[in-house]
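Asks: Sequence plus the predicted model coming up.
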Amino acid sequence: MSKEKHPKETQKKVEEQESQSEVVEKEGKKEVKPQTETDLLKERLAKSEEAAKELEDRLLRLAAEYDNYRKRTAKEFEYLVKNANQNVILKLLDTLDNFERALDSAKTSNDYQNFRKGVELIYTHMKDILNKEGLKEIEALGKPFDPNFHEAVTQAESEEHEEGIVMNEISKGYMLNDKLLRASKVVVSKGKPKEDEKEKS
């Protein structure tokens, strides 16, 4: 006949097991209960979730800051585009005033020479303003045809110019700060007339 364990002994063993897994104080030092693998995984998961939350918050803040920066930059660019020509236009207002004075003068005076001189002065003044802003005329007349800077409107025979040389300039071409603004519209020489060539041969 087996002896049954005394209830007090059983309770004592349970209490001893519980006391091993709890925090006990010994000689002023704390002894932490050993963590199970599940507890460690839970702790890591909690830390990962916290780190992920911080990253998400930071990302949202960065996205909001970038959106504000993009909107601000777009407004500044729009303002610059609208007002980019303000200084040039302001400088050309004097030229406009001078043209008006010349036209008013022409209504009351028949002095063509003085009128022409006045217009030439206004033209020179206007060119100076535009040159200071980076505008340069493209040299075309008498130069070899260059499709990068010249637009051939037509070709014609010429006694004076060899084939492929610009013999006439219909409208001037311009560069703005080393960038092509408008190509020169030109007439290109075909060379001497064929009849002259036959006579030589």
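Replies: Perfect, thanks for sending it. None of the values given here were measured: they were computed from a predicted structure.

Asks: where along the chain do the strands fall?
Replies: In the chain, the strands defined using DSSP state E lie at 24-26, 29-31, 135-137, 150-157, 166-171, 174-176, 179-182, 184-191.

Asks: Which stretches in this structure count as helices?
Replies: Along the chain, counting by DSSP state H, helices occupy 7-21, 37-83, 86-108, 112-132, 194-200.

Asks: For Asn177, find the nearest of those.
Replies: Nearest to Asn177 among the helices of the chain is helix 112-132 (11.4 Å), distances taken as Cβ to Cβ. Just so you know, the C-beta spots here come from the backbone N, C-alpha and C atoms, and that holds for glycine as well.

Asks: and that closest one with helix 86-108, angle?
Replies: 180 degrees (axes from the mean of the first three to the mean of the last three Cα atoms, to 10 degrees).

Asks: For helix 112-132, C-alpha coordinates in CSV please.
Replies: Provided in CSV are the C-alpha atoms of helix 112-132 (Å, rounded to 0.1, in the frame of the first residue of the first chain):
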residue,chain,number,x,y,z
TYR,A,112,14.1,113.7,-92.8
GLN,A,113,17.8,113.8,-92.0
ASN,A,114,17.3,114.7,-88.3
PHE,A,115,14.5,112.2,-88.0
ARG,A,116,16.7,109.4,-89.4
LYS,A,117,19.6,110.3,-87.0
GLY,A,118,17.2,110.2,-84.1
VAL,A,119,15.9,106.8,-85.1
GLU,A,120,19.5,105.5,-85.6
LEU,A,121,20.4,106.7,-82.0
ILE,A,122,17.3,104.9,-80.6
TYR,A,123,18.2,101.7,-82.5
THR,A,124,21.8,101.9,-81.2
HIS,A,125,20.6,102.5,-77.7
MET,A,126,18.2,99.5,-77.9
LYS,A,127,21.0,97.2,-79.3
ASP,A,128,23.3,98.2,-76.4
ILE,A,129,20.7,97.3,-73.9
LEU,A,130,20.0,93.9,-75.5
ASN,A,131,23.8,93.2,-75.9
LYS,A,132,24.3,93.8,-72.2
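
Asks: tell me the pLDDT at the most centrally placed residue in the chain?
Replies: What sits nearest the mean C-alpha location of the chain, by Cα atoms, centre = their mean, is Phe77, with 9.2 Å. pLDDT, Phe77: 89.

Asks: One more: Arg44?
Replies: As predicted, Arg44 sits at a pLDDT of 89.

Asks: How about Glu9?
Replies: Listed pLDDT for Glu9 reads 57.

Asks: ditto for Glu197
Replies: pLDDT, Glu197: 52.

Asks: try Pro144
Replies: Listed pLDDT for Pro144 reads 96.

Asks: what's the burial count for Met175?
Replies: If you count neighbours by other Cβ atoms under 10 Å, Met175 ends up with 15.

Asks: and what of Glu169?
Replies: Applying other Cβ under 10 Å, I find that Glu169 has 19 neighbouring residues.

Asks: ok, it to Glu49 distance?
Replies: 76 Å (Cβ to Cβ, to the nearest Å).

Asks: Then Asp104?
Replies: 82 Å.

Asks: swap in Ala74?
Replies: For Ala74, the distance to Glu49 - Cβ to Cβ - is 37 Å.

Asks: Since that was my last question, I'll sign off now.
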